[in-house]
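1. Provided below are the primary sequence and the corresponding predicted coordinates.
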Amino acid sequence: MTSSRRSFLKKTALAIAGASVLSNELFAEWKGREILGIQLYSVRDDMSKDPLGTLKQIAKIGYKNVEHASYVNRKCYGYAPKDFKKLLSDLGMKMPSGHTVMGRQHWDETKMDFTDAWKYTVEDAATMGQQYVISPWLDEGYRKNYDDLKKYMEVFNKSGELCKKSGMKFGYHNHDFEFSSELNGKKVFDIILENTDPNLVAQQLDIGNMYGAGGRALEILKQYPGKFELMHVKDEIKSEKGEMGGYESTILGKGVVGTKEVVDLARKSGGTTHFIIEQESYQGKTPIECAQEDFAIMRKWGY
């Protein structure tokens, strides 16, 4: 692992762009279908060196869906949006969701509007055929007090309105701080869910990130039934790296999360249709080997 997911997001949050208008057929295209995919951050070093070769390996394993983690200067892994979509299509794959941090540079407080950078992000996501535009980080400045966070959730809702115009939905993906931080006696995670419109803002539950901060996916699914359209499917083991509360990801079913029970409940009552595998640490195996094992396990579990 060359850099942590947290560091990766902080570095790339300042280098992004987005928006235009495609038809609402994009949403209809995916609606009602269960999707098994992989977050390409799982194979980030391989994607950095050889995107096409890595995607060919991912396709050979059997993945039909991917989720990106690299959109910089209006390019996805170095490709223009329409070219990246064609590359995936030629390999028999689609990209229903992608991760791009929505940060301070994307919202103009004086104009009460999104900057061109975020509008282009949404436009390019639509061009790539996405159903969801997911922000996997929340700037620390927005979560220092309750009122600021609650106010910023209105920007989340506005981003949902913007995405809706292009037939998509805005989404948020948790890390660990949402469960370890409280404002006015409430966890940041609860404040986010209570102040966003589920018709505009989808939640992507990362069941591994939360573990070291005390979050338990089964409890969250029971607390908020039907609220999680997307899920990052993970498992966790103890780690000495000091990140995510002293845990790191591992092969599904080998750790402490109880992954199969979680995904089964998500399928039954969580409202989850997009199951995205993500493994960021590998315990001596290659990222591709882990991606292959994880895929086989999810298939064995009936996904």
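-> Structure received.

2. all contacts plus neighbour counts: C-alpha atoms, from now on.
-> Fine.

3. and residue 261, what does it touch?
-> Residues near residue 261 by C-alpha atoms under 8 Å, 6 or more residues apart in numbering: residue 218.

4. adjust the sequence numbering to begin at 41 for everything that follows.
-> All right, first residue 41 from here; so that's residue 301.

5. in what helix or strand does it lie?
-> helix 299-309 (DSSP states H and E).

6. next structured bit after that helix?
-> strand 314-317.

7. now do that following strand: distance to the chain's middle.
-> Between the centre of strand 314-317 and the centre of its chain there are 9 Å (C-alpha atoms, centre = their mean, to the nearest Å).

8. do the same with stretch 239-248
-> Relative to its chain's centre, stretch 239-248 lies at 8 Å (C-alpha atoms, centre = their mean).

9. and for stretch 97-110?
-> Relative to the centre of its chain, stretch 97-110 is centred 14 Å away, using C-alpha atoms, centre = their mean.

10. now the helix holding residue 301: average pLDDT?
-> Averaging pLDDT along helix 299-309 yields 98.

11. alpha carbons only: can I get it in CSV?
-> Output of helix 299-309 as CSV, limited to C-alpha atoms (Å, rounded to 0.1, in the frame of the first residue of the first chain):
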residue,chain,number,x,y,z
THR,A,299,-19.2,-9.6,6.1
LYS,A,300,-21.6,-12.3,4.9
GLU,A,301,-24.1,-11.5,7.6
VAL,A,302,-23.8,-7.8,6.8
VAL,A,303,-24.3,-8.1,3.0
ASP,A,304,-27.2,-10.5,3.5
LEU,A,305,-29.0,-8.1,5.8
ALA,A,306,-28.2,-5.2,3.4
ARG,A,307,-29.8,-7.2,0.5
LYS,A,308,-32.8,-8.1,2.7
SER,A,309,-33.6,-4.8,4.4
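
12. chain center to it: distance?
-> Distance of helix 299-309 from the chain centroid (C-alpha atoms, centre = their mean) equals 18 Å.

13. my guess is residue 144 contacts residue 178. True?
-> No: using C-alpha atoms under 8 Å, residue 144 makes no contact with residue 178, being 9.6 Å away.

14. these two: which is more packed in?
-> residue 178 (22 against 16; other C-alpha atoms under 10 Å).

15. go ahead and confirm the more buried one touches residue 143.
-> Yes: in this structure, residue 178 is within contact of residue 143 by C-alpha under 8 Å, at 7.4 Å.

16. who touches both of these two?
-> Joint contacts of residue 178 and residue 143 (C-alpha under 8 Å, 6+ apart) do not exist.

17. residues of the helix holding residue 301 that come out buried?
-> Buried residues in helix 299-309, counted by 16 or more other C-alpha atoms under 10 Å: 299-300, 302-303, 305-307, 309.

18. equivalent analysis for stretch 284-298, please.
-> 284-285, 287-293, 295, 297-298.

19. before we move on, what about stretch 193-202?
-> Of all the residues in stretch 193-202, those buried under the rule 16+ other C-alpha under 10 Å are 193, 195-202.
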